[in-house]
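Trainee: only geometry, no sequence info:
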Ligand SMILES: NC(=O)C1=CN([C@@H]2O[C@H](COP(=O)(O)OP(=O)(O)OC[C@H]3O[C@@H](n4cnc5c(N)ncnc54)[C@H](OP(=O)(O)O)[C@@H]3O)[C@@H](O)[C@H]2O)C=CC1
Ligand SMILES: O=C(O)C1=N[C@H](C(=O)O)C[C@H](O)C1
């Protein structure tokens, strides 16, 4: 399988290149706006691959492209994927509602796996939340996420997805409240979501189910990015065998 990496000079892109090489995949292209012209293998610390980083995504030519970049760049990438029929694995977060809708449209012409979190643990965490929310539907549910100080979007895609899981499981139109300040008496119809930023925290998510006299806290902690990267490569291998266009999730990849 010939893969391209979009966002190749970033924290995730570099690790995906390293892990892909370790797993014997052929990295044939790398795209970024940083470190253009440098060798992607050298940037990723795995030695020369003879793949110069390019900023021209129109050159895309591969079996599957793995994307960890920024929303506007992902949207351009997916336009190219849809025109050329190239499969995509998208890990970027922070899309607007309009961008998410457009991703759905573009995926009608080529298979796309989209997930705000590729770790197996987080995907099981979302399943566990579903079960807890069904059983504790009258408890107050709140979400706190912590990430490194370089993260561009807030709250995290994983926290937003956790909120959606809770809403669906409870079956009520709960609204998200992003932080609280001033007069903010809690209602039954809300889920609070809080984003903490600092240092080099890779990613932590806690969901609180709070009743009277007791609470459950379910936490997922990542202390390196390996699970995200390995999960994205697993998704790339999976989608390489899928011919039907559409928008897929990690549930499809993991068969859960
Ligand atoms: N789904 C998952 O499992 C995970 C998702 N993520 C998400 O992945 C994304 C990337 O995270 P991370 O690697 O930490 O971020 P980084 O900022 O380290 O990497 C993003 C890279 O994309 C580059 N970039 C910016 N604009 C463009 C463009 N127009 N075309 C191509 N490349 C561009 C950036 O360059 P520059 O720095 O010069 O702007 C940077 O090198 C985020 O949205 C994050 O939330 C992260 C971890 C796991
Ligand atoms: O930006 C990050 O670092 C991460 N982003 C993803 C998100 O927004 O959920 C996944 C992970 O938590 C790391």
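Mentor: Yep, it's here. Please read these numbers as outputs of a predicted model, since none were measured by experiment. Ligands and ions are numbered 1, 2, ... in the order given.
Trainee: CA atoms for contacts and neighbours, from now on please.
Mentor: Noted.
Trainee: quick one: name whatever helix or strand follows the longest helix seen in the chain.
Mentor: For the chain, the helix with the greatest residue count under DSSP state H is helix 120-135. Where DSSP states H and E defines the elements, the next helix or strand beyond helix 120-135 is strand 140-147.
Trainee: circling back: list the buried residues of the longest helix of the chain.
Mentor: By neighbour count on 16 or more other C-alpha atoms under 10 Å, the buried set for helix 120-135 is 122-123, 125-126, 129-130, 132-133.
Trainee: adding pLDDT and distance to residue 158, write the residues you listed out as JSON lines.
Mentor: What follows is the buried residues of helix 120-135, written out as JSON lines (pLDDT from 0 to 100; distance: C-alpha to C-alpha, whole Å):
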{"residue": "122", "pLDDT": "98", "distance to residue 158": "8"}
{"residue": "123", "pLDDT": "98", "distance to residue 158": "9"}
{"residue": "125", "pLDDT": "98", "distance to residue 158": "10"}
{"residue": "126", "pLDDT": "98", "distance to residue 158": "9"}
{"residue": "129", "pLDDT": "98", "distance to residue 158": "12"}
{"residue": "130", "pLDDT": "98", "distance to residue 158": "14"}
{"residue": "132", "pLDDT": "98", "distance to residue 158": "17"}
{"residue": "133", "pLDDT": "98", "distance to residue 158": "17"}
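Trainee: closest to ligand 1 among these?
Mentor: Ligand 1 lies nearest to residue 122 out of the buried residues of helix 120-135, by C-alpha to the nearest ligand atom, at 8.9 Å.
Trainee: please tell me how far the residue lying farthest from the centre of the chain sits from residue 138.
Mentor: Distance to the chain centre peaks in the chain at residue 213, reaching 35.3 Å (criterion: C-alpha atoms, centre = their mean). Separation of residue 213 from residue 138 (C-alpha to C-alpha, to the nearest Å): 14 Å.
Trainee: can I see the domain layout of this protein?
Mentor: Following the TED database, one finds the domains of the chain at 2-114+225-254, 120-222.
Trainee: surely the residue farthest from the centre of the chain is in a helix?
Mentor: No - read with DSSP: H, G, I helix; E, B strand; the rest coil, residue 213 is coil and lies in no helix.
Trainee: so which residues on this protein come close to ligand 1?
Mentor: By C-alpha under 6 Å from any ligand atom, the residues of the chain that approach ligand 1 are 6-7, 9-13, 31-34, 68-70, 73, 91-93, 115-118, 228.
Trainee: let's see 5 Å
Mentor: Proximity of the chain to ligand 1, by C-alpha under 5 Å from any ligand atom, involves residues 7, 9-12, 32-34, 68-69, 73, 91-93, 116-118, 228.
Trainee: need the next SSE after the helix or strand hosting residue 103, C-terminal direction.
Mentor: Residue 103 belongs to helix 97-106 when assigned by DSSP H and E. Going down the chain from helix 97-106, the next helix or strand is strand 111-114, by DSSP H and E.
Trainee: what's the separation between the residue farthest from the centre of the chain and ligand 1?
Mentor: Taking C-alpha to the nearest ligand atom, to the nearest Å as the measure, residue 213 falls 35 Å from ligand 1.
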